[in-house]
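Chemist: sequence-free structure coming up:
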Ligand code: FEO
């Protein structure tokens, strides 16, 4: 058993991970429609990765004999202004998720939940990697500039999402 407070915050994180998956799926569909195969492939893979994160939270809660609530998800946006603003949105979203993971670590400290504190370290490291990858993408996008979006889309095929590394 883990504390009620920790079980609650882990259930809330399930919603955030599955929403992340749907958000990246919506971005992938938009990029696919706009004719960016490299960008959409990366986003489809990232959507898978976030779904896998959601499953990790579900399985952990079940492993420690806690209740799992499958959340209702709000609808992600379907349209994005351009590639750059979309990736800025990805970075902002990942920073929000990092804050959320840090919040879980804080509750683990407050409730002396050493098991969950140990388990959640995977996500602490994962967030460093995810933010860093999106910053690399934004750096390349800035270097390329709007006129070289074709090159940038090809370059995206060389940036592996965390999902394709598993
Ligand atoms: Fe599962 Fe990108 O946070």
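Modeler: Looks like it came in fine. Quick caveat, the model's predicted, so the values are computed rather than measured.
Chemist: In stretch 79-91, which residues are buried?
Modeler: For stretch 79-91, the neighbour count (16 or more other CB atoms under 10 Å) marks 80, 83-84, 86-87, 89-91 as buried. (Glycine included, C-beta is placed from N, CA and C.)
Chemist: Which residues does that stretch contact?
Modeler: With CB atoms under 8 Å, 6 or more residues apart in numbering as the test, stretch 79-91 has contacts from 24, 27, 30-31, 36, 39, 131, 134-135, 137-138, 141, 146, 149, 152.
Chemist: Show me the shaky parts of this structure.
Modeler: 161-166 (pLDDT under 70).
Chemist: In which helix or strand does the closest residue to residue 144 other than its chain neighbours reside?
Modeler: Counting by CB to CB, 6 or more residues apart in numbering, residue 144 lies nearest to residue 152, which is 4.2 Å off, once chain neighbours are set aside. Taking DSSP states H and E as the definition, residue 152 sits inside helix 149-155.
Chemist: Would you mind finding the longest helix in the protein?
Modeler: helix 4-34 (DSSP state H).
Chemist: name the helices or strands packed onto that helix?
Modeler: helix 37-63, helix 83-110 (3 or more CB pairs under 8 Å, 6 or more residues apart in numbering; DSSP states H and E).
Chemist: would you list these in JSON lines and tack on distance to residue 13?
Modeler: Below are the helices and strands packed on helix 4-34 laid out as JSON lines (distance: least, CB to CB, whole Å):
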{"stretch": "helix 37-63", "distance to residue 13": "5"}
{"stretch": "helix 83-110", "distance to residue 13": "6"}
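Chemist: Tell me which of these is the most buried.
Modeler: Neighbour counts (mean count of other CB atoms under 10 Å) averaged over each of the helices and strands packed on helix 4-34 peak at helix 37-63, with a mean of 19.
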